[in-house]
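> just coords:
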């Protein structure tokens, strides 16, 4: 609890039940595929808190921890579904996962029922036995920080650093519209617990490989404007990762360059895949609800940041469909509809 009183009183019953029901039971803290800073930070922080309470805990993810987030995961064991004992009785707590499918099909099959769901995505409908969801939070790490403080749980320096890194990345370094007074309050509390903003900033933003700069060059060269300059779409075609010595992990943050152009309301990054495409959407204003655009293609996310995957559609056709949906959304907002 902070000086302003409880941070997440509406989530207390669910979180208390989670803590009680993990007593004497091994716990798998599960994150989403292609994990970002909020996902890894949430997994590490929750695992460390549960372990401090005497629980047996393991972090599970379909994909490996990205290089830039290894400092967050330092000392924490991450496994994929093959790394879980076949007959283990782990109960699952999903973090930063908007839906049951988000960790990937194999983990969804491995955990057909989910004990806990801690998340901040607006599209999260509550798929677990206990759901701690607040779409007003800037990050899942923000929710966890608030709950840990509310329950007077021991936040050591590494746990604080994991939470700080999650908040820092999901708020775009405290720039996005989701950033609130509460965000800064928690950042200050985490610094008091030992979080190191200098190390976090260096590890996350000052150690980019040269290949990523080459990938950025290719992305910037592909940018095209639509709707009178209010939409900007860039593409990464098949083969570009091999040509630049990069991988999908290095696309982190590229879409922000499309959004950053003066006059652009929505930026978009499309990655061409062998069997389809992946798109990331970012808007400057939550009124555009890019999560609703993503939902048209079975995707989801936040009002200002969303993503989607499509299969069986050629790049030119998908790009046309997405551009049409984006323009339609701008028209809806301009007409005062669907806000």
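That came through, no problem. Being a predicted model, the structure only gives us computed values, none of them experimental. Residues are numbered from 1 along each chain as shown.

> number of nearby residues for residue 183?
For residue 183, the count of nearby residues is 21 (other Cβ atoms under 10 Å). Any C-beta I mention is one placed from the backbone N, CA and C, and that applies to glycine too.

> which residues does it contact?
138, 142, 167, 171, 174 (Cβ atoms under 8 Å, 6 or more residues apart in numbering).

> next, give me the two most distant ones among those residues.
Spanning the widest gap among those are 142 and 174, at 11.5 Å by Cβ to Cβ.

> show me which of those two is the more surrounded one.
residue 142 (31 against 13).

> hang on, that one in a helix?
Yes: if the criterion is DSSP: H, G, I helix; E, B strand; the rest coil, then residue 142 is within a helix.

> distance check, it against residue 30.
Look at residue 142 and residue 30: by Cβ to Cβ, to the nearest Å, they are 19 Å apart.

> list the buried ones in the biggest helix by length in the chain?
In the chain, assigned by DSSP state H, the helix with the most residues is helix 315-334. Using 16 or more other Cβ atoms under 10 Å as the test for burial, helix 315-334 gives 315, 318, 319, 322, 323, 326, 327, 329, 330, 333.

> cool, and stretch 83-97?
Within stretch 83-97, the residues that qualify as buried are 84, 90, 91, 92, 93, 94, 95, 96, 97, counting by 16+ other Cβ under 10 Å.

> so what's the third one up against?
So the one you mean is residue 91. 21, 22, 25, 26, 27, 28, 115, 116.

> ok, of the residues you listed, which one's closest to residue 213?
Nearest to residue 213 among the contacts of residue 91 is residue 28, at 37.0 Å by Cβ to Cβ.

> skip the chain neighbours and tell me the closest residue to the closest one.
residue 90 (4.1 Å; Cβ to Cβ, 6 or more residues apart in numbering).

> now swap in residue 104 and tell me
residue 62 (3.8 Å).

> ok, residue 129 next?
Per Cβ to Cβ, 6+ apart, closest to residue 129 is residue 115, 5.3 Å.

> distance-wise, check that neighbour relative to residue 160.
From residue 115 across to residue 160, the span is 25 Å (Cβ to Cβ).

> then residue 208?
According to Cβ to Cβ, residue 208 stands 25 Å off from residue 160.

> more neighbours: which of the two?
For residue 208 versus residue 160, the count of surrounding residues by other Cβ under 10 Å is larger for residue 160: 24 against 15.

> the more buried one sits in which helix or strand?
According to DSSP states H and E, residue 160 maps onto helix 157-170.

> what are the ranges of the strands in the stretch 201-339 of the chain?
224-226, 231-236, 266-273, 276-283, 300-301, 305-311 (DSSP state E, counting those that start in this stretch).

> quick one: strands adjacent to the fifth one?
Applying DSSP bridges, strand 300-301 is found paired with strand 305-311 (antiparallel).

> what does the second one give?
Here the strand partners of strand 231-236, with direction, are listed using DSSP bridges: strand 224-226 (antiparallel), strand 266-273 (parallel).

> okay, buried residues for the helix holding residue 160 please.
Buried residues in helix 157-170, counted by 16+ other Cβ under 10 Å: 158-170.

> please apply the same query to stretch 104-123.
Buried positions in stretch 104-123, judged by neighbour count with 16+ other Cβ under 10 Å: 104, 107-108, 110-111, 114-123.

> narrow the residues you listed to those in strands?
Judged by DSSP state E, strands contain the following of the buried residues of stretch 104-123: 116, 117, 118, 119.

> related to what we said a few turns ago, looking at the strands paired with strand 231-236, which is buried most?
strand 266-273 (a mean of 22; mean count of other Cβ atoms under 10 Å).

> tilt between that one and strand 276-283?
For strand 266-273 against strand 276-283, the angle by axes from the mean of the first three to the mean of the last three Cα atoms, to 10 degrees is 170 degrees.

> hmm, who's touching strand 266-273?
Strand 266-273 has contacts (Cβ under 8 Å, 6+ apart) with 219, 230-238, 248, 251, 254-261, 277-284, 288, 290, 309, 315, 318-319, 322, 326, 329-330.

> stretch 140-150 now?
Identification of contacts with stretch 140-150 by Cβ under 8 Å, 6+ apart yields 1-2, 6-9, 11-12, 15, 38-39, 41-42, 45-46, 49, 95-96, 118-120, 132, 134, 137, 153, 155, 159, 162-167, 170, 182-183, 186, 189-190.

> what's the answer for stretch 244-264, then?
By Cβ under 8 Å, 6+ apart, the residues outside stretch 244-264 that reach it are 34, 36, 66-68, 172, 209, 211-212, 214-216, 218-220, 223, 225, 229-234, 236, 240-241, 266-269, 271, 280-284.

> show me what residue 232 is bridged to.
Beta-bridge partners, per DSSP bridges, of residue 232: residue 225, residue 267.
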